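S.K.: sequence below, structure please.
(one chain, ligands or ions: 5)
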Amino acid sequence: MADLQLSADEEMVERLLDAAARGDLGQVSSVLSRAPSLIDRTGSRGWTALMFGARNGHYDVVKELLDRGCDRFSVNASSQTAYDISKFWGHGHVCRLLGRTDAPGENYFGRETLDRLSARRTDQAWLEARRTAADTVYLLFSKLSPMVSTSCRRQGGQPELRLCRLGHDAVKPLLQKPSTVLVFLGVERTDPPSPSCQADEAPRDPPAWFAVGTEEDADEFLAGGGEEKRLFPRSSHRDLLTLSEDEAGVVAQARSVLAWHNRYSFCSTCGGGTRLEDGGYKRSCLNAECPSLRGVHNTCYPRVDPVVIMLVIHPDGQQCLLGRKKMFPAGMFSCLAGFVEPGETLEEAVRRETQEESGVKVGRVQYVSCQPWPMPSSLMIGCLAVAVTTDIRVDENEIEEARWFSRQQVMDSLLDGAQRVLTVPPRQTIAHQLIKHWIGMNANL
Ligand SMILES: NC(=O)c1ccc[n+]([C@@H]2O[C@H](COP(=O)([O-])OP(=O)(O)OC[C@H]3O[C@@H](n4cnc5c(N)ncnc54)[C@H](O)[C@@H]3O)[C@@H](O)[C@H]2O)c1
Ligand SMILES: [Mg+2]
Ligand SMILES: [Mg+2]
Ligand SMILES: [Mg+2]
Ligand SMILES: [Zn+2]
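M.R.: Numbers count the residues shown, from 1 in each chain. Ligands and ions are numbered 1, 2, ... in the order given. The predicted structure is shown next:
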């Protein structure tokens, strides 16, 4: 009986995958209405219905599967997501549907959904009008943690977090406290006005977004979320990775600027008090004699720390070098990384950090993509680097172990259900994306 049930299931899966590949929307819907649990089942080489739909550019099928809640991030035996497959085959409309604007190398925390409108930061009258406008959105941060709500829907076992969007009335009392920091983030991006718009109609400013930062607990804001539970997550590294790509991009901007205010409240040149300017993008010293008020003084502006992160490839092209810090979960290995030092090129930083941490010498370095990392304000610069030596000697202060892993071992670590000798960091990290990039360079689709 169990066998019969199994084969009936398998037959349905085959029908679903075949219909998705052919673009038969009616058949896809009909199978999933009867057996919704089959949505992420795989056929040969780990291909899901979403991947087959994406491979052949079937927009309606991909949309139906996404609307029904399929897993858009699952990978096949070549470690490709449905997005990778549709991009490879040039189906831009399907790529956009799969949640990426087809920007190659877009990383989590990297999406710009707001227009920063930096020229408006010095326009006091305009900023004041936007502060009190009815459609203005305020994001509240307490101790650098954004206020979020959790919904019941779960993604990969974790509750889904969404940023709470507050209006001016809700934050007004907080804005009156001198210790509160307000940062103008930008305005929502809008489509260009349609030709049917009346020429004499004044174009309306799109909704503006601000971040409000306080060092207080701000627990009084947690009530009033209705059915949804509101909270300030305390584990920024883990919890911020559960936001949507759009919201993660806004948080990367807001959290890094607020963290700068938090750490640089006094003038770093003379130790004097400072005043917020430029919509929260500048702190000027109050001491008229201070040298920071003359010439170019970068201490007045939010800081970004460049960090190189590199996947080092063995001279044979078939292995890569990964390391683990003591603090990593057991079995996890990642790309080597390190802060760029003053007066150093990115290539030299890659060579120096690789040699310091693993003893391996690197020749050619190639930039791949970058990622803002708001813990507190790094810019991760992702590179592939080709090793010219292979002996490993780790710097035990920083790295517990470093090893060469074969392409197959790395591919298995990305696949569900495969025998794993290592795990890699989650998909939201640029380390994960660099590893996938290397695997994808020779993947047989
Ligand atoms: N997103 C990702 O995939 C990813 C992966 C790995 C590392 N990271 C981030 O990259 C950052 C740097 O990596 P690392 O720790 O290996 O760097 P690293 O190898 O340069 O070592 C860090 C140490 O160097 C010193 N240091 C030198 N310059 C510094 C500076 N400007 N700021 C702070 N410390 C400095 C400190 O003693 C620090 O403990 C970390 O903050 C980490 O969170 C992100
Ligand atoms: Mg390091
Ligand atoms: Mg280092
Ligand atoms: Mg270093
Ligand atoms: Zn000063």
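S.K.: can you say which helix or strand has the closest residue to residue 334 other than its chain neighbours in it?
M.R.: Once flanking residues are discounted, residue 334 sits nearest to residue 431: 4.5 Å by CB to CB, 6 or more residues apart in numbering. Just so you know, the C-beta spots here come from the backbone N, C-alpha and C atoms, and that holds for glycine as well. Assigned by DSSP states H and E, residue 431 falls within helix 430-441.
S.K.: for that helix, buried residues please.
M.R.: Neighbour-count burial for helix 430-441 flags 430, 431, 432, 433, 434, 435, 436, 437, 438, 439, 440 (criterion: 16 or more other CB atoms under 10 Å).
S.K.: close to ligand 1, is that helix?
M.R.: Yes. Applying CB under 6 Å from any ligand atom, one finds that helix 430-441 is in contact with ligand 1 at 430, 431.
S.K.: just how off-centre is that helix within its chain?
M.R.: Centre-to-centre, helix 430-441 and its host chain are 15 Å apart (CA atoms, centre = their mean, to the nearest Å).
S.K.: give me the helices and strands touching it, please.
M.R.: With contacts defined as 3 or more CB pairs under 8 Å, 6 or more residues apart in numbering; DSSP states H and E, helix 430-441 has these neighbours: strand 305-313, strand 319-324, strand 362-373, strand 378-387, helix 407-414.
S.K.: stretch 260-270 near ligand 1 at all?
M.R.: No. Interface with ligand 1: stretch 260-270 contributes nothing (CB under 6 Å from any ligand atom), its closest point being 11.7 Å away.
S.K.: nearest to residue 296 among the buried residues of helix 430-441?
M.R.: Using CB to CB, the shortest approach to residue 296 within the buried residues of helix 430-441 belongs to residue 430, at 30.3 Å.
S.K.: tell me what the closest residue to that closest one other than its chain neighbours is bridged to.
M.R.: Leaving aside its chain neighbours, residue 430 sits nearest to residue 371 (4.0 Å; criterion: CB to CB, 6+ apart). Residue 371 has these beta-bridge partners by DSSP bridges: residue 380.
S.K.: would you agree residue 371 is in contact with residue 379?
M.R.: Yes. With contact defined as CB atoms under 8 Å, residue 371 and residue 379 form a contacting pair (7.5 Å).
S.K.: give me the number of residues near residue 374?
M.R.: Close neighbours of residue 374, defined as other CB atoms under 10 Å, add up to 20.
S.K.: distance of it from ligand 1?
M.R.: Residue 374 is 10 Å from ligand 1, where distance means CB to the nearest ligand atom, to the nearest Å.
S.K.: settle this for me: that residue is touching residue 141, isn't it.
M.R.: No. Here residue 374 does not reach residue 141: they are 11.0 Å apart, not a contact under CB under 8 Å.
S.K.: quickly list what's touching both of the two.
M.R.: The contact sets of residue 374 and residue 141 overlap at residue 255 (CB atoms under 8 Å, 6 or more residues apart in numbering).
S.K.: flag every residue of the chain that's near ligand 2.
M.R.: Residues of the chain found near ligand 2, taking CB under 5 Å from the ion as the criterion, are 337, 338.
S.K.: would you mind naming what in the chain lies close to ligand 5?
M.R.: 267, 269, 270, 272, 285, 287, 290, 292.
S.K.: right, and the first one touches residue 289 too?
M.R.: Translated: residue 267. No. Look at residue 267 against residue 289 with CB under 8 Å: they stay out of range, at 11.2 Å.
S.K.: compare those two (neighbour count), which wins?
M.R.: Taking other CB under 10 Å, residue 267 and residue 289 do not tie; residue 267 has more neighbours (22 against 9).
S.K.: number of nearby residues for the closest residue to that one other than its chain neighbours?
M.R.: Of all residues not flanking residue 267 in the chain, residue 285 sits nearest, at 4.0 Å (CB to CB, 6+ apart). Residues within reach of residue 285, counting by other CB under 10 Å, total 23.
S.K.: ok, residue 131 next?
M.R.: Around residue 131 there are 18 other residues, counting by other CB under 10 Å.
S.K.: what sits against it?
M.R.: 168, 175, 182, 208, 210 are the contacts of residue 131 under CB under 8 Å, 6+ apart.
S.K.: and the third one, how far from residue 311?
M.R.: In this structure, residue 182 lies at 40 Å from residue 311, with CB to CB, to the nearest Å as the measure.
S.K.: can you give me the helices in the stretch 51-200 of the chain?
M.R.: Applying DSSP state H, counting those that start in this stretch to the stretch 51-200 of the chain gives helices spanning 59-67, 82-88, 92-97, 124-132, 168-175.
S.K.: deepest in the core, which of those is it.
M.R.: Compared across the helices of the stretch 51-200 of the chain, helix 82-88 shows the largest average neighbour count, a mean of 23 (mean count of other CB atoms under 10 Å).
S.K.: could I get it in PDB with only the CA atoms?
M.R.: Taking only C-alpha atoms (Å, rounded to 0.1, in the frame of the first residue of the first chain), the coordinates of helix 82-88 have been written out as PDB:
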ATOM      1  CA  ALA A  82      16.000  29.200 -10.500                       C
ATOM      2  CA  TYR A  83      17.200  32.800 -10.700                       C
ATOM      3  CA  ASP A  84      20.700  31.600 -11.900                       C
ATOM      4  CA  ILE A  85      19.100  29.400 -14.500                       C
ATOM      5  CA  SER A  86      16.800  32.100 -15.900                       C
ATOM      6  CA  LYS A  87      19.700  34.500 -16.000                       C
ATOM      7  CA  PHE A  88      21.900  32.000 -17.800                       C
END
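S.K.: how near is whatever residue of the stretch 301-445 of the chain ends up closest to ligand 3 to residue 368?
M.R.: Nearest to ligand 3, among the residues of the stretch 301-445 of the chain, is residue 338, at 3.7 Å (CB to the ion). Here residue 338 is placed at a distance of 17 Å from residue 368 (CB to CB).
S.K.: equivalent analysis for residue 170, please.
M.R.: Counting by CB to CB, the gap from residue 170 to residue 368 is 42 Å.
S.K.: also residue 72?
M.R.: Taken as CB to CB, the span from residue 72 to residue 368 is 22 Å.
S.K.: ok, and what's touching the longest helix along the chain?
M.R.: Assignment by DSSP state H gives helix 2-22 as the longest helix of the chain. Helix 2-22 has contacts (CB under 8 Å, 6+ apart) with 24, 27-28, 31-32, 34-35, 38, 41, 43, 47-50, 52-53, 55-56, 58, 61, 65.
S.K.: report the distance from that helix to the chain centre.
M.R.: 35 Å.
S.K.: what's downstream of it, the next helix or strand?
M.R.: In the C-terminal direction, the helix or strand that comes right after helix 2-22 (DSSP H and E) is helix 25-34.
S.K.: could you list the buried residues of that next one?
M.R.: Buried, per 16+ other CB under 10 Å, within helix 25-34: 25, 27, 28, 29, 31, 32.
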